[in-house]
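> The following comprises the amino acid sequence and a computationally predicted model.
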Amino acid sequence: MAHAHLDYEKNTTALPVGAAKRAKPKFDDLAGYDVSEEEEEKLWELEATRLLQVVENPEEPLQFSHDNVCAGTESKDIYQAIAALSNQLLVNLHTCRHDNELVMMQFGAKDHDASAELSSRSILEKRLDEPERPPGLADKANRSKQFVLSYFALLDYITAVLARWVTLAADSESWQTGTLCGLSKYSAKMKILVRDWEGYALRSLSRAKRITTEKSVLKAFGLTDGDAEQEAAPTRPALQQGRTGWAGADLPLWSQTSSNSKREKELEAFLEADEPVTSMFFSEMAFINYWTSSALLSILQALKPGSRSGHAPDAFDISSLVYRAGTLDSAMPTFIHQDRGGEILGSSRPDFLKNAYPGFRLVQQAVTGLKSNPASNVDPNRKTFDADPRRTGTIVLVQLEEGATAGDTEAQEIHLATPSQVITVMVPLLCTIPGIINDLGYSLSRLSELYHIDMEESLSSRAPEYTAIASIRTKKFETQSNSFAPGADFRSLSRSMVATSDRYAARSKPSANTNAWHSTSAEQKELVLLKARQRREKLVQEGRMWDIEESSVSIKCAKYVYTVLVSCGAIVIGGLMVGIFMGERESGALQGVDPFNIASFSWVLAGFIILLAKSIRVNEWPWRDFLLGRVTCRSLSELRAVTGSDEQDLIHYLLTKEAENVLIAKGPYNQMFVRKGDGGFSIDVKPEIRTLMACGVIFVKVASLRGTALVCLDFRRVGEEGHPNRHLARRQDLSGIPLKQHNRLTMQKPKNGDHFEFIVVGGGTAGNVVAGRLAENTNASILVIEAGRGDPENVEMITTPSSAMDLRGSEYDWAYKTTMVRREDYERIEKPNTRGKVLGGSSSLNYFTWVPGCKSTFDKWAEFGGEEWSWDPLVHYLRKSATYHDDPGLYSPEFKKLGLGGPLDISHAELLGDLDDFRKRVTSAWESQGHKVEDNIYDGEMNGLTHCCDTIYRGYRTGSYLFIKDKPNVTVLDNTYSKKLLIDADRQVKGISVIGPNTGQEQTFYATREVVISQGVYESPKLLMLSGIGPKNQLTRYAIDTLVDSRHVGQNMVDHPGVPFVLRVKDGYGTDDHLLRKGAKFDAAVKHYEDSKSGPKASGLLELVGFPRIDEYLEKDPVEVTLQSNDPLVQPAINLNFFADDLDIIAVREGIRFSYDILTKGEGFKDIVVSEYPWDMPLDDNKAMHHAVLDRCQTAFHPTGTCRLSKDISQGVVDPKLKVHGVKGLRVIDASVIPIIPDCRIQNSVYAIGEKGADMIKNAHHDLYT
């Protein structure tokens, strides 16, 4: 391996300061860190050459040869030195990742990973602010040259191992080129950053602050990155003449073109390119950045000690194991990992096992290289370290066996002698940790999507059948871990029997403890294993002939039946013959005995034998089954009696084959089966640990506050969710001690062709309400199809209220491209039009407000849906979803009526102490202008200033996903796109076809009762049209056969327009210092939130809401959603058509003036107003205001009406029961059915529609819901 770190020091000692300006965005740029462009190219070339040398000789073992990495050879010294180097590497890695994400954010790339950027930023800030920094983070003046050389050497070795690893993982040239490029650039930059990590981190953070400030200002006015994609119509004479709405002033600063602006030139260059090319460029860079940073991060974090285990930093056992579970004909290799903190993770996914193979191979290469080097002095036989103080106290156990017989031989421990040997083995071993393997799988999948590369052909590791063990532990761990204590009833993973000597569980041994098995002779072991193998081979062959149903297993037993019948027939015939022959010859007859009594007795005896034969094995054996030569077993003990197989073998077979049949298991020992029910096949024999191990289930002894517990970890494929099964994913407590369960929103993934009672298409606000309410009967099965991510509760940006504004334009936003304004003199098309791309839909992204609306508006709904859709019948549903909380007791007890015990926790906004004066001034200004303050806006009249009620409780956002939380009969299929409804010749909707986003594979699912569309205002009409239900002219244009000519589909849309109007107030009246600017108040807010889930970060920052009554103007021209392709993955065309009528502009204009008068003329607040921001609104010029409204308007994100409620098809799309006109078995339940938009935010109304729709479905299915 090339020792680039030695040459690198020479090349970076006297680099010139400064960097040339670039014309395009550049990732891993060194220009900001005192490196010229020429030197940058040289450093990249140096790193690339080094890594190419590594991958050109894939069989040459890699070795770390920098022995001066630490001062001593004691275990503690070694691992402290490694941790110190890792600390420095991690900080510089976060600077690299932060810089790259800033480039993504700066240019508005959709691939920008906001969570990664925020994570790296917070870590850098924390490290800079720490009074006592971790080891390795010395300042520039106190860093030794020896430390820098060790830093270079460790980075060289880690990147070399990763380079070798990626070339073993996949053969694709695109994959290898991209990953090696990423490693080369990261390595070069991380070496530059070590020169002055503090100063360079500050530069990166300073750049972030500048970009974030600009973005915040733009976002406040709706001029976010979406404006880069605005398409301005040629007919804009007002703008051409310079009349922009600012009284003839020039364009605002960020709208001007400046020839001196480097950033604007860069943006202009990218905007001139075709959008697909630009998108591909950023996607490629995002892929490289993600993989490189994730891989380095996984390894560097694992090199540092953790705090979870409670052991010393140099006391650990890191182990990865692959053993063969399953049956002989259906082997199920299973991966298990024990990390540095003692946590257990695992998986049995075939792709995961393939991606794990290169890591095991690298570890084996490293150990083989040490063994073959006489100077390494490794000792596989040494049992103690006491006699040799040079020993590191580190033990390695490595074995990789390939082929069908893998797992037979016993692994051998090796004792390492030097720090360099420790690093040589430890780094490649960390390539077997689940995090890095998972990132590899994700990256390969992402690359496949980018370049349309076949995953199996070019992006899959050529892994053979194999078993493996790779572990590294320290002598200190042996002295501190209870698993090494005398008489311990458990062992760490590296010393378990399955790791050291028996990684072929399908040939498992009889019940015996570990010590008993090891004391058995080799010949006896071989004999026992041979018998076990023969027994299970026989079971596999017989099992292929079984007919497995939900509650029984039917087995052909013709030989047994015919043997019984023939035997009984012989007895009967013999009895008859005795009667006949002895009756004819009196001399031979028995005296006093009628010979035909013997014949009668033979009949009775034969009947008794048949009854005994029918009863001895099973409780019930119908005569028809008996005569057909088959027996139906309804319990495990019956199955054992019929087959003669070992009970544990039968449990092993049924558990392993569970994914291939429909068997439902009932107690008392059915906990390990996925499908459980009272009327199923009885598991009446207790499974043994060895049996469950052979099925992919392992047992872990855990400690809790109430004592120890035995927990089983289920790594079988039937329990997977598309990621390595964590120990929290599916575990059973076998000791009776209650353990915290992971909140799972999904079951196992359904199979193509599966049937459900109900299918809900769209896991948004209303869809989850419907699914959750239907799931109240646990016998009903519900499938929820969600196109976004399926775990919003695990996304901090979603659950933290103060982060709500950051969600717009994030990866959780569909960011629809939308026509905002289309007039003869003006047109604006822009994105993003935010909708939630996550389970919960927009309830996971919205701005929390819980307001019902006005009675008068709802009463108008009766014109479309009848009286049941007017205010009085709907009030119950407006309150059903929520549970209201007033923990401080600040409001009237009557507000308990706002919630009727539903899953959604709501509360009035927390009143922040720092904003107390601000609130008082707003209230005073409002009242001084003659308007009232009214907290009760929930009984049908909204008029006045009110304290805001939100979907926030105790510092967390609450969303509709809570309706399906912990509902085992709800299956969520996330990241899946709807394609087309399945409709038969009778116009009965039978199901739906969908597309997976990663593979593009189409699947079909069927509903035995109803399909419910809840995809929202934009996607629900699109799905109807793609399925042949919609305006005929629309469908014909895209070659879609018209099933139902429903002209209102996609029409009648109404949304609230909004125009940002900002006033700057005096310092001290906002929350900028608490949430935006780093400092004492920011740190206090973070700590306050961490400690009590309250304070500014727990707030939606909307404490007061005003509902003035001014003249109302509504849109009068068409607002619509139409198709722009028959491709289900293409977004629909959305035309909000704001301000088609000048009266709409007048309404908004007067609303702005109303707000201005309240705040600048009202008592109290006018005293703190400094100016308008960032420029003045031309309030006194109606013509200029006209253009200002057009230029600055944006949606308020409250679209409704595209599948309007109606009494017949001439009026809308769905009937009063929300059934789609013209077809059967289909309803639409979401905001698209709203006929007249409420005069407030629509969240409360959408929940109510979901609740009412669920009740309507229940009423239609009395057999399920009584």
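Good, I have the coordinates. Just so you know, these numbers come straight off a predicted model, no measurement behind them.
> where do the helices sit along the stretch 1151-1266 of the chain?
Using DSSP state H, counting those that start in this stretch, the helices of the stretch 1151-1266 of the chain run over residues 1182-1192, 1243-1260.
> Could you single out the most deeply buried of the ones you listed?
Counting by mean count of other CB atoms under 10 Å, helix 1243-1260 has the highest mean neighbour count of those, with a mean of 23. Any C-beta I mention is one placed from the backbone N, CA and C, and that applies to glycine too.
> Show me what it is packed up against.
helix 765-774, helix 871-880, strand 1002-1013, strand 1226-1228 (3 or more CB pairs under 8 Å, 6 or more residues apart in numbering; DSSP states H and E).
> where does the stretch 451-600 of the chain have low pLDDT?
Applying pLDDT under 70 to the stretch 451-600 of the chain flags the ranges 453-461, 487, 497, 500-522, 524-526, 528-529, 532, 536, 579-596.
> at 50 what do you get?
For the stretch 451-600 of the chain, residues meeting the criterion pLDDT under 50 lie at 506-514.
> same question, the chain
1-23, 225-277, 381-390, 406-407, 506-514, 718-747, 1110-1117.
> domain parsing for it?
The chain resolves into domains spanning 4-16+30-55+77-222, 305-508+694-742, 760-795+960-1054+1200-1260, 797-836+880-956+1055-1195 when parsed by automatic domain parsing.
> now those domains as a markdown table including distance to residue 665?
Output for the domains of the chain, formatted as a markdown table (distance: least, CB to CB, whole Å):
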| stretch | distance to residue 665 |
| --- | --- |
| domain 4-16+30-55+77-222 | 39 |
| domain 305-508+694-742 | 12 |
| domain 760-795+960-1054+1200-1260 | 15 |
| domain 797-836+880-956+1055-1195 | 30 |
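> among those, which is nearest residue 869?
Closest approach to residue 869 among those (CB to CB): domain 760-795+960-1054+1200-1260, 6.6 Å.
> mind checking the end-to-end distance for that closest one?
Using CA to CA, to the nearest Å, one end of domain 760-795+960-1054+1200-1260 lies 16 Å from the other.
> circling back: export the helices of the stretch 1151-1266 of the chain as JSON lines, with columns for distance to residue 335.
Converted to JSON lines, the helices of the stretch 1151-1266 of the chain look like this (distance: least, CB to CB, whole Å):
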{"stretch": "helix 1182-1192", "distance to residue 335": "55"}
{"stretch": "helix 1243-1260", "distance to residue 335": "41"}
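> Nearest to residue 627, out of those helices?
Nearest to residue 627 among the helices of the stretch 1151-1266 of the chain is helix 1243-1260; the distance by CB to CB comes to 45.5 Å.
> Report the angle between that closest one and helix 765-774.
For helix 1243-1260 against helix 765-774, the angle between stretch directions is 40 degrees (axes from the mean of the first three to the mean of the last three CA atoms, to 10 degrees).
> Run the angle between helix 1243-1260 and helix 871-880 for me.
100 degrees.
> Work out the gap between stretch 1249-1266 and the centre of the chain.
Centre-to-centre, stretch 1249-1266 and its host chain are 31 Å apart (CA atoms, centre = their mean, to the nearest Å).
> What are the contacting residues of it?
Contacts with stretch 1249-1266, where a contact means CB atoms under 8 Å, 6 or more residues apart in numbering, come from 757-758, 765-770, 773-774, 776-777, 779-780, 874, 877, 880-881, 960, 1009-1010, 1012, 1014, 1217-1218, 1227, 1229-1231, 1233-1234.
> Quick one: neighbours of residue 1060, just the number.
Applying other CB atoms under 10 Å, we find 15 residues neighbouring residue 1060.
> from memory it sits against residue 1196, does it?
No: with contact defined as CB atoms under 8 Å, residue 1060 does not reach residue 1196; the gap is 10.9 Å.
> coming back round to it: tell me which of the helices of the stretch 1151-1266 of the chain sits nearest to residue 359.
helix 1243-1260 (46.9 Å).
> Could you check the angle the closest one makes with strand 1002-1013?
Angle, helix 1243-1260 to strand 1002-1013, by the same axes, to 10 degrees: 100 degrees.
> Identify, out of the domains of the chain, the most deeply packed stretch.
domain 760-795+960-1054+1200-1260 (a mean of 22).
> Residue 464: what secondary structure?
On the three-state scheme (DSSP: H, G, I helix; E, B strand; the rest coil), residue 464 is labelled coil.
> In space, what's closest to it - neighbours in sequence excluded?
The shortest distance from residue 464 to any non-neighbouring residue, by CB to CB, 6 or more residues apart in numbering, is to residue 402 (4.6 Å).
> which ones are touching that neighbour?
Taking CB under 8 Å, 6+ apart, we find residue 402 in contact with 464-466.
> go on, residue 970?
Per CB under 8 Å, 6+ apart, neighbours of residue 970: 747, 771-772, 775, 782-784, 964.
> farthest pair in the residues you listed?
Maximum distance among the contacts of residue 970 (CB to CB): 14.3 Å, for 747 and 772.
> any idea how far residue 810 is from the closest residue to residue 789 other than its chain neighbours?
Closest residue to residue 789 apart from its sequence neighbours, by CB to CB, 6+ apart: residue 838 at 4.7 Å. Between residue 838 and residue 810 the distance is 10 Å, computed by CB to CB, to the nearest Å.
> Many thanks, have a good one.
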